[in-house]
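# Need a 3D model of the sequence below.
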Amino acid sequence: MKVVVADKFEQSGIDGLRDAGCEVLYEPELKDAALAEAVRTTHADVLVVRGTRVGSEVLDAGPLSLIVRAGAGYNTIDVAAASARGIYVSNCPGKNAIAVAELAFALILALDRRVPDNVAELRAGRWNKKEFSNAQGLFGRTLGLLGIGSIGQEMIRRAAGFGMNLVVWSRRYDGQNRPMTEREARDIGVEPALRTVRIDVAPTPADAAARADVLSLHVALAPETKGLVNAALLGRMKPGAIVVNTARGEVVDYPALAAAVRQKHLRVGLDVFANEPTSPAGEFHDDLIGLPGVYGTHHIGASTEQAQEAIAAETVRIIRSFKETGRVPNVVNLATRTPATHMLVVRHRDRPGVLAHVFNNLRRDNLNVQETENIVFEGAEAAVARINLDGEPPAALCDRIKAENADILDLQVVPL
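Reported below is the predicted structural model:
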C-alpha cells in the first residue's frame, strides 16, 4: 500500500507505517498542484494531511482510497467530493484534546493575570506591581463551555481542579435548562468533577454566555456553528468577561467580537483566526489582535509532543486496519441512513453464484443495492444475505429469484 504524507508528521508515525508494510512518501511541503502530481505519479492509495487543503484536483489525480486527517477537524478536505468518488475520509478525534484544553487554560490564566503584559513591562525595564496585582482569580467563578466533546470534557476536568463552576451548552442538550445529572456526567466521563463543582446545562449558547465569567469555545465547525458567537450572544456577556477560542476561527463573528472588546471591555484569548496564513510562517495582520486585552497564539492548540505522538499512533492504526482488514476506523463520510426502503433477506446454500444470481435479477428490475451483508452458518453449508434496496422487490421478482436457483432456500421482504 502506497501512502503520501503531505504535512509535518512524527517519525514514529513514518516508522509505524513502514513497519505495517506501507511504501511511504513523506513530503510535508506538498500543496495544491504539487500534491496532485505526487498522488498521480505515486499512484497513492492513502493520503495523510493536517492543514493541507485537499480538493477535487487532488482526489482526481490518482486511485486514492483513503484520506486521513492527522488531527480532529477535517474542514480543509472536500468531504462531499471524496464521498462522491467513494474515498474514505477518516480523522483522529480526541487525540489532541488534552493539548488543546491545556492551551485554553493557559490563555484563561494569562488573561486573568495579564501575564504577557507583565512580561512586556519587565522587558521594557518597568516595575509596576500595583497595576498587575489587579486580578480576580478563577476559584468560584463560572466557566461557560460551548461544546462538550472530547476537548470540552477535558476542560470540565481541569475547571473542577481550579474550583470553577460550569455552565455548558451542547447540541445534545439543546433547549434544556437544568443541572447535569450524574448519569450524564458518567456517560461523558466527568462524574468526578460533578462531585466537587456544579455543572449546569444551558438551553442556548447565549444563555451559557450570559452566565459565564469565562466563555471557552469547543464546537466543531459546521453550517449551524458558523458565526455562532455573534453580536447578539456577545451582547449578553458580562462586562469584563473572558472569551477564549481554540476551536475554529469561523465559529466567531470577529468584527462583532472586536466591537464587544471596545464596548464591554471583554478580554479575549485566540488560538485561531478567520484569515490565517496557509504556510507555517509568513506575514499576519489582524486588527483584533492589536486591541488591549486581546492575546493570541499561532494555532498551536494541538502542538505538543504528547498530542503529536498520539495522533501519529492513531493514524498508523487507521491505515493498518484499512490495509489488513479493509475496515476504516473513525470514518466521517459514511451515510448514517441510506435511501434503502426494503430489506431482502435471502437464506441460501453457501455455493458459488447464488448471490450473483440474486443481484442480476435485482439489476434487471432496476433495484439498486444500498447495503449488503452475507452471514455464513457454522459448517459453511448455508448462509443468510441481508440486502438493503432502494425500493420494494415485487412478488413476481422474488418468485423468479427463488425458482431459478435451487440453492435459494427462502426469501423474505422486510420494510425498513
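# for residue 294, what are its contacts?
By Cβ atoms under 8 Å, 6 or more residues apart in numbering, residue 294 lies in contact with 261, 267-270, 288. C-beta here means a position set from N, CA and C on the backbone, and glycine is covered the same way.
# between those residues, which is closest to residue 156?
Distance to residue 156, by Cβ to Cβ, is smallest for residue 269 among those, at 18.3 Å.
# secondary structure element for the closest one?
strand 267-270 (DSSP states H and E).
# Distance from the chain centre to the strand or helix carrying residue 131, please.
In this assignment (DSSP H and E), residue 131 forms part of helix 129-132. For helix 129-132, the separation from the chain centroid amounts to 42 Å (computed by Cα atoms, centre = their mean, to the nearest Å).
# What of stretch 353-361?
The mean C-alpha position of stretch 353-361 is separated from the chain mean by 40 Å, Cα atoms, centre = their mean.
# Kindly report the same for stretch 61-74.
Relative to its chain's centre, stretch 61-74 lies at 13 Å (Cα atoms, centre = their mean).
# same deal with stretch 393-400?
Relative to its parent chain, stretch 393-400 has a centroid offset of 44 Å by Cα atoms, centre = their mean.
# next one: stretch 409-416
Centroid displacement of stretch 409-416 relative to its chain, using Cα atoms, centre = their mean, is 38 Å.
# which residues are contacting that stretch?
Under Cβ under 8 Å, 6+ apart, the answer for stretch 409-416 is 340-349, 382, 388, 392-393, 398, 401-402.
# quick one: which of the residues you listed sit in helices?
Within the contacts of stretch 409-416, residues falling in helices by DSSP state H are 398, 401-402.
# returning to what we had before: can you tell me which of the contacts of residue 294 lies nearest to residue 14?
Set against residue 14, the nearest of the contacts of residue 294 by Cβ to Cβ is residue 270 (32.2 Å).
# circling back to that earlier point, Throw the contacts of residue 294 into JSON lines and include neighbour count, thanks.
Shown next, in JSON lines, are the contacts of residue 294 (neighbours: other Cβ atoms under 10 Å):
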{"residue": "261", "neighbour count": "19"}
{"residue": "267", "neighbour count": "22"}
{"residue": "268", "neighbour count": "25"}
{"residue": "269", "neighbour count": "25"}
{"residue": "270", "neighbour count": "24"}
{"residue": "288", "neighbour count": "17"}
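# Would you mind pulling the contact partners of the one helix or strand residue 263 maps to?
Per DSSP H and E: residue 263 is located in helix 254-264. Contacts to helix 254-264, defined as Cβ under 8 Å, 6+ apart, come from residues 229-231, 234-235, 237, 239-241, 243, 266-268, 273-274, 286-288, 291-294.
# For the stretch 201-350 of the chain, which segments count as strands?
Along the stretch 201-350 of the chain, counting by DSSP state E, counting those that start in this stretch, strands occupy 214-217, 242-245, 267-270, 294-296, 342-349.
# re the thing from before, for ChimeraX, write the selection for the buried entries among the contacts of stretch 409-416.
Command for ChimeraX, covering only those of those found buried under the criterion 16 or more other Cβ atoms under 10 Å:
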select :340,342,343,344,346,348,382,388,393,398,401,402
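# Around residue 169, count how many other residues there are.
Applying other Cβ atoms under 10 Å, we find 27 other residues in the vicinity of residue 169.
# For it, give me the pLDDT.
Residue 169 carries a pLDDT value of 98.
# Without its sequence neighbours, what residue ends up closest to it?
Sequence neighbours aside, residue 208 is the residue nearest to residue 169 in space, at 4.2 Å (criterion: Cβ to Cβ, 6 or more residues apart in numbering).
# So what's the residue count around the one you found?
Neighbour count of residue 208, defined by other Cβ under 10 Å: 25.
# quick one, what contacts it?
Counting by Cβ under 8 Å, 6+ apart, residue 208 touches 144-146, 167-169, 202, 215.
# before we move on, what about residue 130?
Contact analysis of residue 130 by Cβ under 8 Å, 6+ apart lists nothing.
# and which of the contacts of residue 294 is nearest residue 363?
residue 270 (55.3 Å).
# so how far is residue 119 from residue 411?
76 Å (Cβ to Cβ, to the nearest Å).
# out of those two, which sits in the busier spot?
When residue 411 and residue 119 are compared for neighbours, residue 411 comes out ahead with 18 against 11, by other Cβ under 10 Å.
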